[in-house]
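Peer 1: got a sequence here, can you build the structure:
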Amino acid sequence: MIEFVPAEPVSLASPCVNVCAMDQATGWCLGCGRTISEISNWSAKPPEERRSILAALPPRMAELSSRG
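Peer 2: All right, here's what the predicted structure looks like:
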């Protein structure tokens with residue numbers, strides 16, 4: 001029997017933009033703002049954890065942007 005697995009809601013999809021370089025000062029990815037531990041096994045993380053990570057990204061990206 002084939003089990004149907006629904007697609008991940010867009011709101012919980014990986015925020016990766018294929019710019020994978022880590023900021024030395026913060027440890028955040030310059031492309032998406034996540035740390036290595038947040039990036040690893042993204043699809044296996046519970047939805048609550050992904051939501052929490054996603055909520056932290058806008059201020060991180062703003063900080064990275066303001067620093068140049």
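Peer 1: name the residues that touch the lengthiest helix in the chain?
Peer 2: If each helix of the chain is counted by residues according to DSSP state H, the longest one is helix 47-67. The set of residues external to helix 47-67 that reach it, using CB atoms under 8 Å, 6 or more residues apart in numbering, is 11-12, 15, 23, 25-26, 28, 30, 32-34, 38, 42, 45. From N, CA and C alone the C-beta is placed, and that goes for glycine too.
Peer 1: show the buried residues in those.
Peer 2: Under a neighbour-count criterion of 16 or more other CB atoms under 10 Å, the subset of these counted as buried comprises 12, 15, 28, 32, 33, 34, 38, 42.
Peer 1: which SS class is the fourth one?
Peer 2: Translated: residue 32. When classified by DSSP: H, G, I helix; E, B strand; the rest coil, residue 32 comes out as coil.
Peer 1: dump the residue contacts of it.
Peer 2: Each residue near residue 32 by CB under 8 Å, 6+ apart is listed here: 14, 15, 16, 17, 19, 39, 57, 61.
Peer 1: what's the neighbour count on residue 55?
Peer 2: 9 (other CB atoms under 10 Å).
Peer 1: model confidence at it, what's the number?
Peer 2: Residue 55 is assigned a pLDDT of 97 by the prediction.
Peer 1: try residue 1
Peer 2: The predicted structure scores residue 1 at 72 on the pLDDT scale.
Peer 1: how many neighbours does it have?
Peer 2: Applying other CB under 10 Å, we find 2 other residues in the vicinity of residue 1.
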